[in-house]
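Engineer: sequence unknown, structure follows:
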C-alpha cells in the first residue's frame, strides 16, 4: 500500500473538523489524550458504513500521535488537529511546537519507516516512541508523513484508507 504518497497539501481533501487546544491544557491531564482521540476518531468515522468500528480503528493511531504531542510539545502554544476526507482516505493532521533537534529526529524517523532502523539518532526515547507509532501505522496500513510548519512546529499526518484492513 502506498498511502504515504497521500500529501497533506493535496487539495482533493475536504475538511471535516478542526480542533485547537492549548498545550498547557492538554498536558494538564493525561486522560485528555484519550478524549481528544475519541472525538477526532468519531468524526473520522461519521461517513463510514460501520462508523463505530472505523472510529475504533482510527483511534488507535490517533491516540498514539496525541500522546506523542503530549510528551514532546512545550507547555506553551497550541496543539492543532484537523480531520479531512476524500473518496479513498480520511486524514488526521496534528501540529504542535517542538524544539529543532526533536522535531528533526521525529520527521526523520517517520520518513525512513520501520525497515530502515538507525539505532544512534539523538533524543533516544522520543525516537523509540516515534518508531513504535511508525510500526503500528505500517501494521494497520496507515500512511504517516511529517513536515516542518513554520520554524518551530511539526505537522504529523495520518492517512487512513476508507476500507481499513490489517496485514
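Structural biologist: Now that the structure is in, tell me what you want to look at. All of these numbers come straight from a predicted model, not from anything done at the bench.

Engineer: From here on, just use CA atoms for contacts and neighbour counts.
Structural biologist: Noted.

Engineer: What ranges does the protein have for its strands?
Structural biologist: Secondary structure of the chain by DSSP state E: the strands cover 14-22, 78-85, 89-97, 143-149, 153-161.

Engineer: How far off centre is the shortest one?
Structural biologist: It refers to strand 143-149. Put simply, strand 143-149 sits 8 Å off its chain's centre (CA atoms, centre = their mean, to the nearest Å).

Engineer: For the lowest-mean-pLDDT helix or strand in the chain, name the packing helices and strands.
Structural biologist: The weakest-scoring helix or strand in the chain, judged by mean pLDDT, DSSP states H and E, is helix 124-139 (a mean of 83). The elements that helix 124-139 packs onto, with contact taken as 3 or more CA pairs under 8 Å, 6 or more residues apart in numbering; DSSP states H and E, are helix 51-72, helix 100-112, strand 143-149.

Engineer: go again using 10 Å as the cut-off
Structural biologist: helix 51-72, helix 100-112, strand 143-149, strand 153-161 (3 or more CA pairs under 10 Å, 6 or more residues apart in numbering; DSSP states H and E).

Engineer: Just the buried positions in that helix, please.
Structural biologist: By neighbour count, with 16 or more other CA atoms under 10 Å as the criterion, the buried positions of helix 124-139 are 126, 127, 129, 130, 131, 133, 134, 135, 136, 137, 138.

Engineer: and the angle from that helix to strand 153-161?
Structural biologist: Angular relation of helix 124-139 and strand 153-161 on a 0 to 180 degree scale: 20 degrees, by axes from the mean of the first three to the mean of the last three CA atoms, to 10 degrees.

Engineer: what's the angle between helix 124-139 and strand 143-149?
Structural biologist: For helix 124-139 against strand 143-149, the angle by the same axes, to 10 degrees is 140 degrees.

Engineer: Could you list the low-pLDDT ranges of this protein?
Structural biologist: 1-11, 114-125, 164-167 (pLDDT under 70).

Engineer: What is the burial count for the nearest residue to residue 17 once chain neighbours are set aside?
Structural biologist: Excluding its sequence neighbours, the residue lying closest to residue 17 (CA to CA, 6 or more residues apart in numbering) is residue 83, at 5.2 Å. Counted with other CA atoms under 10 Å, the neighbours of residue 83 add up to 23.

Engineer: give the contact list for residue 83.
Structural biologist: Residue 83 sits next to 13-19, 40-41, 43-44, 90-94, 157-159 when contact means CA atoms under 10 Å, 6 or more residues apart in numbering.

Engineer: again with residue 130
Structural biologist: Taking CA under 10 Å, 6+ apart, one finds 64, 65, 68, 105, 106, 107, 108, 109, 110, 113, 124, 136 in contact with residue 130.
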